[in-house]
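A.B. asks: only geometry, no sequence info:
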């Protein structure tokens, strides 16, 4: 096969523009989108001119490019969310956590200020996930004593960290959700 000259290829592209526009309009239902599709198709065709096989149908090759471009755009739009007022983006925003290492240092200092028996049971119940019953058995005291120590430890930590309620915990939704899920009796204890 004799390769197609650049001038012949360009003339072939120009000759197919009306057919491409009609096909794009029938696919998209919008003349504005159709014109964008035709433009994208022509750019892709021109950029890949060396891949066109002379002797085959230029129209079929261009229609295939246009159709694939349209379906790629259609799939992409299916994953996009219209959010012109920014409501959706606001819900996805993540607050910075630059101060988290400072919060942890403050927590460690406050934890160290607790009486040893309160600190011990708070770590067993809160950090390691032991039940009150297991903690009572390990410490060799009544379950009520463990509950009382945990309650006093939480209250003292809240006081030392100046936490009066959920609003003092900051904007972290995970913390807020955990506190709300735990219920008001846990927050105040």
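C.D. replies: Everything's here; your move. On a predicted model such as this, the values are computed, not experimentally measured, just so you know.

A.B. asks: please make it C-alpha for all contacts and neighbour counts, starting now.
C.D. replies: Noted.

A.B. asks: I'd assumed residue 119 was in contact with residue 152.
C.D. replies: No: the pair residue 152 / residue 119 is not scored as a contact, 9.9 Å apart, by CA atoms under 8 Å.

A.B. asks: where does the chain have low pLDDT?
C.D. replies: Scanning the chain for pLDDT under 70 picks out the ranges 1-2, 78-81, 83, 88-101, 165-189.

A.B. asks: try 90 this time
C.D. replies: 1-6, 26-30, 53-55, 71-112, 114, 116-130, 134-135, 137-139, 154, 156-189 (pLDDT under 90).

A.B. asks: residues near the residue lying closest to residue 28 once chain neighbours are set aside, how many?
C.D. replies: Leaving aside its sequence neighbours, residue 28 sits nearest to residue 34 (CA to CA, 6 or more residues apart in numbering; 6.4 Å). Residue 34: 22 surrounding residues under other CA atoms under 10 Å.

A.B. asks: quick one: the helix or strand harbouring residue 34 to chain centroid distance?
C.D. replies: Element membership for residue 34, per DSSP states H and E: helix 31-47. Put simply, helix 31-47 sits 32 Å off its chain's centre (CA atoms, centre = their mean, to the nearest Å).

A.B. asks: helices or strands up against it?
C.D. replies: helix 6-28, helix 58-79 (3 or more CA pairs under 8 Å, 6 or more residues apart in numbering; DSSP states H and E).

A.B. asks: good, we can wrap up now.
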